[in-house]
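Student: what follows is a predicted protein model with its sequence.
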Amino acid sequence: MSEFDNILLGVNQNMIRKIIRQFRVTSKYKGYLLIIDATQFYTDKDFVQITKDVYPALAQKYHTSTASVERNIRTVVEICWQNDRKAVQDIIGYDINRCPSNSEFLEAIAYSVGEHKK
């Protein structure tokens, strides 16, 4: 990875942190860092399968189970939904009457970060 790639990665991570923190979610939640890392999968690849690509890679990185990764991300997504449904809908880009799935939320954040890079 080049120095330029590392700089871009840092910018992306800061943008993701800013998005998540607008929902009053901080690093006290395990899912906070997981969402930052998981979103990178969506910004780096064209096609991502959350259960086959994202959860196993993050479980290995953080020395935990795929079920824990899924649960911790879901917890943060649910907190974001509870704290500001309108902002979640704005990030997703359409009205939704239920809490978004992990993959919907991660993809929406990745898309938002990708749009800001242009």
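Tutor: Perfect, thanks for sending it.

Student: quick one: secondary structure of the residue nearest to T66 when sequence neighbours are not counted?
Tutor: Nearest residue to T66 in three dimensions, chain neighbours excluded: Y55, at 4.1 Å (C-beta to C-beta, 6 or more residues apart in numbering). From N, CA and C alone the C-beta is placed, and that goes for glycine too. Following DSSP: H, G, I helix; E, B strand; the rest coil, Y55 is assigned to helix.

Student: separation between Y55 and Q40?
Tutor: Distance, Y55 to Q40, using C-beta to C-beta, to the nearest Å: 14 Å.

Student: where along this protein do the helices fall?
Tutor: Using DSSP state H, the helices of the chain run over 3-21, 30-44, 55-61, 66-83, 85-92, 102-117.

Student: most tightly surrounded among these?
Tutor: Mean neighbour count (mean count of other C-beta atoms under 10 Å) peaks for helix 30-44 among the helices of the chain, with a mean of 21.

Student: tell me the angle it makes with helix 66-83.
Tutor: Relative orientation of helix 30-44 and helix 66-83, computed by axes from the mean of the first three to the mean of the last three C-alpha atoms, to 10 degrees: 100 degrees.

Student: distance between helix 30-44 and the chain's centre?
Tutor: Using C-alpha atoms, centre = their mean, to the nearest Å, the distance from the centre of helix 30-44 to the centre of the chain it belongs to is 4 Å.

Student: and D95, how close does it get to V25?
Tutor: Distance from D95 to V25, by C-beta to C-beta: 22 Å.

Student: more crowded one of these two?
Tutor: V25 (20 against 9; other C-beta atoms under 10 Å).

Student: surely the more buried one touches E78?
Tutor: No - checked against C-beta atoms under 8 Å, the pair V25 and E78 is beyond contact range at 10.3 Å.

Student: spatially central residue in the chain, please.
Tutor: Geometric centre of the chain, nearest residue: I35, 3.5 Å, by C-alpha atoms, centre = their mean.
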